[in-house]
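Student: need a structure here:
(chains A and B)
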Protein chains: 2
Amino acid sequence: MRIDLYLVPGPVSEERLADKTIVLIDVLRASTTVCKALQSGARAIIPVEQPGEAAEMRDKIGVEETILGGERGGIKIDNFALGNSPLDYTPEAVAGKIVILTTTNGTQAYACAKYSKNIITGGLVNVSRVAAKVAKSDRDLVILCAGDEGDFSIEDTLCGGMLIHKLMDEFRIELKLNDAASLALLLYRNNSGSLAPTIASGEHGRLLAELGFADDVRFATEIDSIPVLPVLKNRKIVLEEN
Amino acid sequence: MRIDLYLVPGPVSEERLADKTIVLIDVLRASTTVCKALQSGARAIIPVEQPGEAAEMRDKIGVEETILGGERGGIKIDNFALGNSPLDYTPEAVAGKIVILTTTNGTQAYACAKYSKNIITGGLVNVSRVAAKVAKSDRDLVILCAGDEGDFSIEDTLCGGMLIHKLMDEFRIELKLNDAASLALLLYRNNSGSLAPTIASGEHGRLLAELGFADDVRFATEIDSIPVLPVLKNRKIVLEEN
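Tutor: The predicted structure is shown next:
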């Protein structure tokens, strides 16, 4: 299996994504929020790029059925019911609803859906479940790290490295890695004993703590705590049926 | 000293560059070519973005005084005297001349010159000289890796990591690093005993070898073999006077 990891969303083109399995990673916080919302009984998450798009989508689908979630600069968007804190996505808030979600980094990456039908949302909270799914496939893998406003972010790369490590060491798959995938693997192996503190002391982890979201950072780094498999079907993220 | 390293040129804005010392790194091959050309007696290198711009610049300065160098896709541009192979930049070819250079990744980054007056060209061939210069300054440092067509490339990040390592361990400067700078340092420290083979087996190293430029890769990884300090003055890269 060939694995191409991208540290930032920038240079990704159709040719690099077509017919691949794509794992989108935004540990802080969209991936974690998606997992938590689905675990809490949300029917689906619809990722959109802009807040205005979210409001339009809500009008189209119906106000009763939907709930708006999202942030800009880490902060809940005005008039949205929920922010991007996974802890807000309780069964009381989202069970039976369609969540329309827009975030600074994570939801933008779902635009790659135009190139592939196999798009999985991955975080540390579901990394083993994602690895098991990828391992069963014959397709090559692309790992897209959401990063932080166009920059590299350590938590997404660590999560990508952990996924690669599992495919290699637990599933014994022979892998061909691009430079960034090799780097992610090295980063993970050097920090595997201290993932949570490494992420908490990274740029994005520190920023979220300053904004009052230190609990989100801890929640997002609990490995395999939400073992769900969110996949994209017809623009909606849903739990894989099987 | 604060050090912000960028793995790819994408997200760099004025705010992040203003008043900083900026080290531009394109180990394969523009940084190495610039060092070699200046060592061989070129009066200056003028980095330009497009081949057409290079030809116009040559007409403006004068055909006798100038020589065109550059590549696209690793290959010498038609009608240019030189490619981007540092080994071509011999005293016979360039002494006394102004080289007008355009490359896929490396020369694009000099556009950041509009934000800072302190732009140094760094490679493995002059890394200790660059470290000594940076260490003497009170300014914060930005390390811009040219990368490979928008992707991360291992050789530039290793070189950035080596520069940070030297500032920390040899010059004993107290550093505050962004996530990518920490990553580069880790990458360097994990590969410091095997820089040349690690780079040769990276994506860009393999590509250049396939194109017949394996000697360039070896040349570019000879640490401190060309201890010059190329700085940008009035759009021209020249040897620092002192």
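
Student: phi and psi next, for A:Leu239.
Tutor: Dihedral pair for A:Leu239: phi -70, psi 140, per degrees, to the nearest 10.

Student: leaving out the residues flanking it, which one is nearest to it?
Tutor: Nearest non-adjacent residue to A:Leu239, counting by C-beta to C-beta, 6 or more residues apart in numbering or on different chains: A:Leu38, 5.3 Å away. Glycine gets a C-beta too; all of them are placed from N, C-alpha and C.

Student: tell me where chain A has strands.
Tutor: Using DSSP state E, the strands of chain A run over residues A:2-6, A:21-25, A:44-47, A:66-72, A:75-76, A:98-102, A:119-122, A:141-145, A:176-177, A:230-233, A:236-239.

Student: and the pLDDT at A:Asp148?
Tutor: Reading off the confidence values, A:Asp148 has pLDDT 81.

Student: is it in a bridge, and if so with what?
Tutor: Beta-bridge partners recorded for A:Asp148 (DSSP bridges): A:Asp151.

Student: I figured it hits A:Glu203, correct?
Tutor: Yes. Shown here, A:Asp148 and A:Glu203 form a contact pair, counting by C-beta atoms under 8 Å, at 6.8 Å.

Student: quick check on those two: which one has the bigger neighbour count.
Tutor: The neighbour comparison of A:Asp148 against A:Glu203 (other C-beta atoms under 10 Å in any protein chain shown) goes to A:Asp148, with 22 against 19.

Student: pull the contacting residues for that one.
Tutor: A:Asn105, A:Glu203, A:His204 (C-beta atoms under 8 Å, 6 or more residues apart in numbering or on different chains).

Student: which of those residues come close to chain B?
Tutor: Filtering the contacts of A:Asp148 for neighbours of chain B using C-beta under 8 Å from any C-beta of the partner chain leaves A:Glu203, A:His204.

Student: need the contacts of A:Asp148 in CSV (columns: pLDDT).
Tutor: Shown next, in CSV, are the contacts of A:Asp148 (pLDDT from 0 to 100):
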residue, pLDDT
A:Asn105, 84
A:Glu203, 90
A:His204, 91
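
Student: closest one to chain B out of the contacts of A:Asp148, please.
Tutor: Within those, proximity to chain B (C-beta to the nearest C-beta) peaks at A:Glu203, which comes in at 5.0 Å.

Student: surely that closest one and B:Asp179 touch.
Tutor: Yes. A:Glu203 is within contact range of B:Asp179, at 5.0 Å (criterion: C-beta under 8 Å).

Student: shared neighbours, the two?
Tutor: A:Asp151, A:Ser153, A:Ile154.

Student: what are the boundaries of the helices in chain A?
Tutor: Taking DSSP state H as the criterion, chain A carries its helices at A:14-17, A:30-39, A:51-61, A:91-94, A:127-135, A:154-169, A:179-191, A:195-200, A:203-210, A:214-220.

Student: tell me which of those is the most buried.
Tutor: Most buried of the helices of chain A, by mean neighbour count (mean count of other C-beta atoms under 10 Å in any protein chain shown): helix A:30-39, with a mean of 29.

Student: against which helices or strands is it packed?
Tutor: strand A:44-47, strand A:98-102, strand A:119-122, helix A:214-220, strand A:230-233, strand A:236-239 (3 or more C-beta pairs under 8 Å, 6 or more residues apart in numbering or on different chains; DSSP states H and E).

Student: okay, those in JSON lines with distance to A:Val8 and mean pLDDT next?
Tutor: Formatted as JSON lines, these follow (distance: least, C-beta to C-beta, whole Å; pLDDT from 0 to 100):
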{"stretch": "strand A:44-47", "distance to A:Val8": "18", "mean pLDDT": "96"}
{"stretch": "strand A:98-102", "distance to A:Val8": "19", "mean pLDDT": "97"}
{"stretch": "strand A:119-122", "distance to A:Val8": "16", "mean pLDDT": "96"}
{"stretch": "helix A:214-220", "distance to A:Val8": "19", "mean pLDDT": "97"}
{"stretch": "strand A:230-233", "distance to A:Val8": "21", "mean pLDDT": "96"}
{"stretch": "strand A:236-239", "distance to A:Val8": "22", "mean pLDDT": "96"}
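
Student: ok, which of the ones you listed comes nearest B:Lys60?
Tutor: strand A:98-102 (48.8 Å; C-beta to C-beta).

Student: what pairs with the closest one, and is each one parallel or antiparallel?
Tutor: Neighbouring strands of strand A:98-102 in its sheet, by DSSP bridges, are strand A:44-47 (parallel), strand A:66-72 (parallel).

Student: ok, and for the last one, which residues are buried?
Tutor: Looking back up the chat, that one is strand A:66-72. A:Thr66, A:Ile67, A:Leu68, A:Gly69, A:Gly70, A:Glu71 (16 or more other C-beta atoms under 10 Å in any protein chain shown).

Student: returning to what we had before: what's the closest of the shared contacts of A:Glu203 and B:Asp179 to chain B?
Tutor: Nearest to chain B out of the shared contacts of A:Glu203 and B:Asp179 is A:Ile154 (C-beta to the nearest C-beta; 4.3 Å).

Student: you'd agree the closest one is up against A:Gly202?
Tutor: Yes. A:Ile154 lies in contact with A:Gly202 (C-beta under 8 Å); the separation is 4.1 Å.

Student: mutual contacts of the two, please.
Tutor: Joint contacts of A:Ile154 and A:Gly202 (C-beta under 8 Å, 6+ apart) are B:Asp179.

Student: which other residues reach the worst-scoring helix or strand of chain A on mean pLDDT?
Tutor: When the helices and strands of chain A are scored by mean pLDDT, DSSP states H and E, helix A:14-17 comes last with a mean of 80. Outside helix A:14-17, the residues within contact range by C-beta under 8 Å, 6+ apart are A:Asp4, A:Cys112, A:Lys114, A:Tyr115, A:Ser116, A:Val142.

Student: what sits against the third one?
Tutor: Contact criterion C-beta under 8 Å, 6+ apart gives A:Glu14 as the residues in contact with A:Lys114.

Student: swap in the first one?
Tutor: By C-beta under 8 Å, 6+ apart, A:Asp4 lies in contact with A:Arg16, A:Lys20, A:Asp140, A:Leu141, A:Val142, A:Ile143, A:Asn178, A:Ala180, A:Ala181.

Student: mind listing the residues bridging to it?
Tutor: Bridge pairing for A:Asp4 - DSSP bridges - gives A:Val142.

Student: and the gap between it and A:Ile25?
Tutor: 13 Å (C-beta to C-beta, to the nearest Å).

Student: got the residues of chain A near chain B?
Tutor: A:6-8, A:10-11, A:149-154, A:157, A:178-180, A:182-183, A:186-187, A:190, A:202-204.

Student: identify the residue spatially nearest to the residue sitting nearest the centre point of chain A, adjacent ones excluded.
Tutor: Nearest to the geometric centre of chain A sits A:Ser31, at 2.7 Å (C-alpha atoms, centre = their mean). Leaving aside its chain neighbours, A:Ser31 sits nearest to A:Gly123 (3.5 Å; criterion: C-beta to C-beta, 6+ apart).

Student: ok, that neighbour - contacts?
Tutor: So A:Gly123 contacts A:Ile25, A:Asp26, A:Val27, A:Ser31, A:Thr32, A:Val34, A:Cys35, A:Cys159, A:Ala220 (C-beta under 8 Å, 6+ apart).
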